[in-house]
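S.K.: Task: produce atomic coordinates for the following.
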Amino acid sequence: MADRDSFEQTPYQLPAGATELILVRHGASSPPLEGVPNPLIGGHSDPALAAAGLAQAELVAEGLRHEPIDGIFVSTLRRTGETAAPLAAATGLDPVALEQLREVFLGDFEGGEYRIRAARGDPVIRRVFAEERWSAIPNGEDWESFSTRVTAGVEEIVATVGPDAVAVAVLHGAVIGQLCRQATASRPFAFVHADNGSISRLVVDADGKWLLRSFNDISHLRVRTGSAG
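M.R.: Numbering: from 1, shown residues only. Predicted coordinates for the structure are as follows:
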């Protein structure tokens with residue numbers, strides 16, 4: 001039989017001129033206490049990481065330290081910076097804080113009120129998820145403004161690290177959900193349930209198109225917490 005060309009399947013490679021964003025959800029934050037509001041930064045809740053969140057941050061760093069990372073980005077809220085700290089120490093990269101990447105604004109439910117109400121099955125929270133919009137919360141952020149600002153944050157990351165580069169962005173659950181929704185043209189809340197410390201991967205092509213490569217990978221978190229047998 002004459003020799004024939006063989007066309008093997010090949011692993012994905014970042015297209016020329018594209019930028020990969022490794023999206024990390026921050027570690028678990030300290031729980032709010034009823035009657036003791038969380039500190040606020042620009043109206044946004046700004047709790048520190050809980051002990052579990054600090055442990056997740058270490059596992060994120062261990063999982064990503066060998067990636068070819070060109071930049072680390074965080075929001076201006078402390079839980080993202082605290083999550084990024086172990087990776088920054090491992091890579092020698094200083095995180096860049098972008099205000100555009102703050103969590104969705106929860107209006108009257110900031111300061112920890114959202115988590116308290118969610119735990120109690122508050123009807124407004126049920127309405128948020130039934131209607132898939134944060135603006136169901138009094139004075140909550142609407143989709144247009146939220147989408148505009150997080151898109152601007154992604155564009156700033158891409159402009160900063162440039163093409164053919166990899167950036168880590170430590171973000172918030174709703175921000176990751178919005179970016180993944182935009183990349184896939186999905187319904188609004190299709191991706192709002194990323195776990196703390198999870199990793200998702202978004203590629204921004206040279207022509208500006210977005211591609212979601214993976215969502216909510218937590219395999220690195222199970223390395224030390226899982227049990228054998």
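
S.K.: Buried residues in stretch 45-60, which are they?
M.R.: Neighbour counts over stretch 45-60 (16 or more other CB atoms under 10 Å) mark 45-47, 49-50, 53-60 as buried. For the C-beta atoms, the positions are set from N, CA and C on the backbone; glycine is no exception.

S.K.: got it, and stretch 202-214?
M.R.: So stretch 202-214, judged by 16+ other CB under 10 Å, has buried residues 202-204, 210, 212.

S.K.: now, which of the buried residues of stretch 45-60 sits nearest residue 167?
M.R.: Looking at the buried residues of stretch 45-60 and their distance to residue 167, the nearest is residue 60, at 14.6 Å (CB to CB).

S.K.: show me the residues around that closest one that make contact.
M.R.: 24, 27, 83, 86-87, 197, 199, 220 (CB atoms under 8 Å, 6 or more residues apart in numbering).

S.K.: ok so, going back, pick the one among the buried residues of stretch 202-214 closest to residue 163.
M.R.: residue 204 (9.2 Å).

S.K.: The closest one against residue 18, yeah?
M.R.: Yes - between residue 204 and residue 18 there is a contact at 6.4 Å, judged by CB atoms under 8 Å.

S.K.: and the closest residue to residue 162 other than its chain neighbours, what does it touch?
M.R.: Nearest in space to residue 162, with sequence neighbours left out and distances taken as CB to CB, 6 or more residues apart in numbering, is residue 19 at 7.3 Å. Residues counted as contacts of residue 19 (CB under 8 Å, 6+ apart) are 157-158, 161-167, 203-204.

S.K.: ok, now with 10 Å
M.R.: 70-71, 154, 157-167, 202-206 (CB atoms under 10 Å, 6 or more residues apart in numbering).

S.K.: Residue 71 now?
M.R.: 19, 21, 91, 93-96, 157, 160-162, 165-169.

S.K.: run the last query once more with 7 Å
M.R.: By CB atoms under 7 Å, 6 or more residues apart in numbering, the contact list for residue 71 reads 93, 96, 160-161, 167.
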